[in-house]
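Undergrad: Next comes the sequence, and after it the predicted model I'd like to discuss.
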Amino acid sequence: MTDHQPRRTTLRRPPRLRRGDRVALLTPSSPSNVERIDEGVDVLRFCGLEPVEYPSARARATAHPFLAGTDEERAKDVRAALLDDSIAGVLTVGGGYGSQRMLEVMDWTGLDAVEPKVVVGYSDVTGLLEALASRLGWASVMGPMVSEGEFRESYSFSSLWACLSAPDTYGPLRFPDAKSLVGGLAEEVFREGAGGQSEEQGERAHEQDRIEVGRAHRSRSSGRDDCVPRRRECASVVRIQRAVRPAARTRRAA
């Protein structure tokens, strides 16, 4: 995905879901709330859908516990679900972190020929939704995920199910009385913390990884090849953080 430039200007809507449709459950990001998956599955079955779990739905990576399997394994699940003609839609089970890593190794070959499918998620899954829009021209749904608490809430799920089963009733959001307070374009500013700051704040492993992967991505985009994700270094930093945290807390308490 590194060299890709957005080329889609219009989006195609996937067909609505019907009773009896098979839907894939997977995650492109972090491990799901495993104890809640079965509850989400029950809700889907109640609506007449047939949930199909892919390996990443309950996976836990060993090298990077903040990921649901390796990048390649998660990408394989997404690709398999999109290519499977018997799968009518993809409902992600959780977000967190890792979709951009998965997209770096995603094989998009042949997916242009696939008709749009419903894909649902939010948070970190937004990266996948944007890639589907940019590369394939698919409209998708930013909605609750299967292993998250709001998926089972009556208001959230009833709204989601109405959107999935009757998408034609949903159109553009219009705010005729809205006024612009400040004109212009918003641009993202990526800030990398110094090592000492990261340790003092107790930055989590996936946040360290995000910094390294982001640095490597910008390096490749600028034509440089002298910077790659230093994941072993990240792991070392995290171990050091864990070792110094008790002392840091003692100093603050004193």
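TA: The structure has been received and is ready for your questions.

Undergrad: check contacts around Gly20.
TA: By CB atoms under 8 Å, 6 or more residues apart in numbering, the residues touching Gly20 are Gly48, Leu49, Glu50. Bear in mind the C-beta positions are built from the backbone N, C-alpha and C, glycine included.

Undergrad: And Tyr54, by the same measure?
TA: By CB under 8 Å, 6+ apart, the contact list for Tyr54 reads Ala24, Leu25, Leu26, Asp77, Ala80, Ala81.

Undergrad: just so I have it, where are all the strands in the stretch 1-150 of the chain?
TA: Using DSSP state E, counting those that start in this stretch, the strands of the stretch 1-150 of the chain run over 22-26, 50-53, 87-92, 118-121, 141-142.

Undergrad: Reformat the contacts of Tyr54 as CSV; add neighbour count, pLDDT and distance to Ala63.
TA: Formatted as CSV, the contacts of Tyr54 follow (neighbours: other CB atoms under 10 Å; pLDDT from 0 to 100; distance: CB to CB, whole Å):
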residue, neighbour count, pLDDT, distance to Ala63
Ala24, 26, 98, 25
Leu25, 25, 97, 24
Leu26, 29, 96, 20
Asp77, 25, 97, 18
Ala80, 14, 98, 22
Ala81, 22, 98, 24
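
Undergrad: With distance to Val93 added, can I get the residues you listed in a markdown table?
TA: As requested, these are exported to a markdown table (distance: CB to CB, whole Å):
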| residue | distance to Val93 |
| --- | --- |
| Ala24 | 10 |
| Leu25 | 5 |
| Leu26 | 7 |
| Asp77 | 11 |
| Ala80 | 15 |
| Ala81 | 12 |
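
Undergrad: ok, these vs Glu150, which is closest?
TA: Leu25 (16.3 Å; CB to CB).

Undergrad: picking that back up, make CSV from the strands of the stretch 1-150 of the chain and add distance to Leu173 to it.
TA: Below are the strands of the stretch 1-150 of the chain laid out as CSV (distance: least, CB to CB, whole Å):
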stretch, distance to Leu173
strand 22-26, 26
strand 50-53, 30
strand 87-92, 22
strand 118-121, 18
strand 141-142, 12
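
Undergrad: before we move on, back to that, farthest-separated two in the contacts of Tyr54?
TA: Greatest spatial distance among those (CB to CB): Leu25 and Ala80, at 12.5 Å.

Undergrad: The closest residue to Thr70 other than its chain neighbours: neighbour count?
TA: Closest residue to Thr70 apart from its sequence neighbours, by CB to CB, 6 or more residues apart in numbering: Ala61 at 6.3 Å. By the measure other CB atoms under 10 Å, the count of residues near Ala61 is 18.

Undergrad: Repeat that for Met106.
TA: Met106 is flanked by 22 other residues according to other CB under 10 Å.

Undergrad: Any figure for the gap between the residue lying closest to it once chain neighbours are set aside and Leu103?
TA: Excluding the flanking residues, the one nearest Met106 by CB to CB, 6+ apart is Ala75, at 4.5 Å. For Ala75, the distance to Leu103 (CB to CB, to the nearest Å) stands at 8 Å.

Undergrad: Can you work out which residues contact both of these two?
TA: Counting by CB under 8 Å, 6+ apart, the common neighbours of Ala75 and Leu103 are Pro28.
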